[in-house]
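Asker: build the 3D model from these lines:
(one chain, ligands or ions: 1)
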Amino acid sequence: MKIYVTRELPGAEFERLKEEYSVVVNPSSLPPTEDELLAAVRDKDGVITLLTDRMTKKIIDGSTLKVIANCAAGYDNIDITHCTERGIMVTNTPDVLTNATAELTFALILSVARMIVQADRYTRGGNFNAWSPTLFVGMELHDSVLGIIGAGKIGTEVGIRAKAFGMHILYTDLLANPRLNALGARRVGLNELLGLADIITLHIPLTSSTHRLIGAAEFNLMKPTCFVINVARGKVIDEHALVVALKTTKIAGAGLDVYENEPIVSDELKELDNVVMLPHIGSATLTARIRMANLAIKNLCTGLEGGKPPNLVNPIGNTAVSIGNNAVGSENTAVGSESTAVGSESTAVGDESKGVR
Ligand code: DGY
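Answerer: Here you go, the predicted structure:
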């Protein structure tokens, strides 16, 4: 079996993969270019991709691939519809990055609410001359309202952490979430959440229904004191509308781990002081990254050896896909809203509208 891996991966399983199969690894620390990817998968049976590798119709048609194992929970980088038509299995790595991503979400929440990054810059800059009652006065999380858009696994874990901080929790999702409800969380429509939350955090996958889910109209519904956190996918927010909302103080600030045109971060965003920006590191703990690599390898090898990979996201032959595999930040694609109902846990599985077009 011939395998291509688009980047060096951590963990012992990866070393074993290289010993047991004929594996070519992209030697660069950057994603392969389209031409490099095309040349690399031309004669391969399987590939391990990252979210940066766009598996388009052109790449798929130029290959002999049987399995594409995405080393990410999200798989909006892959043309799923075309893979299904071609009988190519696509898998992802859900669950293993849930805690890491929920923790990073909280890091951003605390950073924006308490101006941690600005305060660090101020202190390093030698500006700390005296304690002051008005210096970096932030928002107290206790008794504030957290609005979770997309109450899948990551959204749920963020809610659990929010409860420990004494926050009130609202969430929007097509399905009720018993774990969040048990914490006293309330399921509301999207517009109600937008109007009531002090902090809004996005945990939805990128699909045709969630593309630019949050735009100018949605920012207009938010409180001027509201902070928006996005660790899901950049394209679920209209980034220009976000910049306008931040500049005109329609909202107080944002904490971003993802961008509309990643890895490009717009100069407009960089110029703003009320944004904390990270380079898409939601799952970047050693534990999560090793587990992601191991799971991608397991999915790949199972598929190549004729079995049904544990995290198959498209229906191939008579294999059924498993519920809960489809999302970035949520196993639901659901956003429950009176105005914008997008997908649902059940309709989302095997939803072929998620791929690259
Ligand atoms: C994913 O797995 O989809 C994450 O965005 C990677 O950090």
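Asker: in the stretch 151-300 of the chain, which residue sits closest to the ligand?
Answerer: Closest approach between the stretch 151-300 of the chain and the ligand, counting by Cβ to the nearest ligand atom: Ser283, at 3.4 Å. C-betas here are computed from N, CA, C, even on glycine.
Asker: how about the secondary structure of that residue?
Answerer: Here Ser283 is coil, with the state taken from DSSP: H, G, I helix; E, B strand; the rest coil.
Asker: neighbours of it, just the number please.
Answerer: 25 (other Cβ atoms under 10 Å).
Asker: burial of Pro94, as a residue count?
Answerer: Neighbour tally, Pro94, other Cβ under 10 Å: 28.
Asker: quick one on the thing from earlier: quickly note the distance from the nearest residue to the residue of the stretch 151-300 of the chain closest to the ligand once chain neighbours are set aside to the ligand.
Answerer: Distances taken as Cβ to Cβ, 6 or more residues apart in numbering place Leu97 nearest to Ser283, at 3.8 Å, with adjacent residues excluded. Using Cβ to the nearest ligand atom, to the nearest Å, Leu97 is found at 5 Å from the ligand.
Asker: gap between Leu97 and Met55?
Answerer: Leu97 sits 20 Å away from Met55, taking Cβ to Cβ, to the nearest Å as the criterion.
Asker: give me the number of residues near the residue nearest to Ser283?
Answerer: Residues near Leu97, counting by other Cβ under 10 Å: 26.
Asker: do the same with the one 10 residues further on
Answerer: Around Ala107 sit 19 other residues, with neighbours defined as other Cβ under 10 Å.
Asker: now it, what's its secondary structure?
Answerer: What three-state DSSP gives for Ala107 is helix.
Asker: i'd like the first residue to be 3 from this point on
Answerer: Sure, I'll start counting at 3 from here, so that last one is Ala109.
Asker: quick check: it vs the ligand, distance?
Answerer: 14 Å.
Asker: and Ile266, bridged to which residues?
Answerer: Asn263 (DSSP bridges).
Asker: quick one, phi psi at Asn72?
Answerer: phi -80, psi 130 (degrees, to the nearest 10).
Asker: show the pLDDT at it.
Answerer: Asn72 carries a pLDDT value of 98.
Asker: tell me how many other residues crowd it.
Answerer: With other Cβ under 10 Å as criterion, Asn72 counts 27.
Asker: from the centroid of this structure, which residue is nearest?
Answerer: With distances taken as Cα atoms, centre = their mean, Ala234 lies nearest the centre of the chain, 2.9 Å away.
Asker: hmm, that one is touching Thr209, no?
Answerer: No. With contact defined as Cβ atoms under 8 Å, Ala234 does not reach Thr209; the gap is 11.0 Å.
Asker: then stretch 206-223 to CSV, C-alphas only?
Answerer: Only the C-alpha atoms of stretch 206-223 are listed here, as CSV (Å, rounded to 0.1, in the frame of the first residue of the first chain):
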residue,chain,number,x,y,z
ILE,A,206,-20.3,24.9,14.4
PRO,A,207,-18.7,23.2,11.4
LEU,A,208,-18.4,25.1,8.1
THR,A,209,-21.1,24.0,5.7
SER,A,210,-23.1,25.7,3.0
SER,A,211,-25.6,26.6,5.7
THR,A,212,-23.2,28.0,8.2
HIS,A,213,-21.0,30.0,5.7
ARG,A,214,-21.1,33.6,7.0
LEU,A,215,-23.8,32.7,9.5
ILE,A,216,-22.7,35.7,11.5
GLY,A,217,-22.7,38.9,9.5
ALA,A,218,-23.7,42.6,9.8
ALA,A,219,-27.3,41.8,10.7
GLU,A,220,-26.2,39.5,13.5
PHE,A,221,-23.6,41.9,14.9
ASN,A,222,-26.4,44.5,15.0
LEU,A,223,-28.4,42.3,17.3
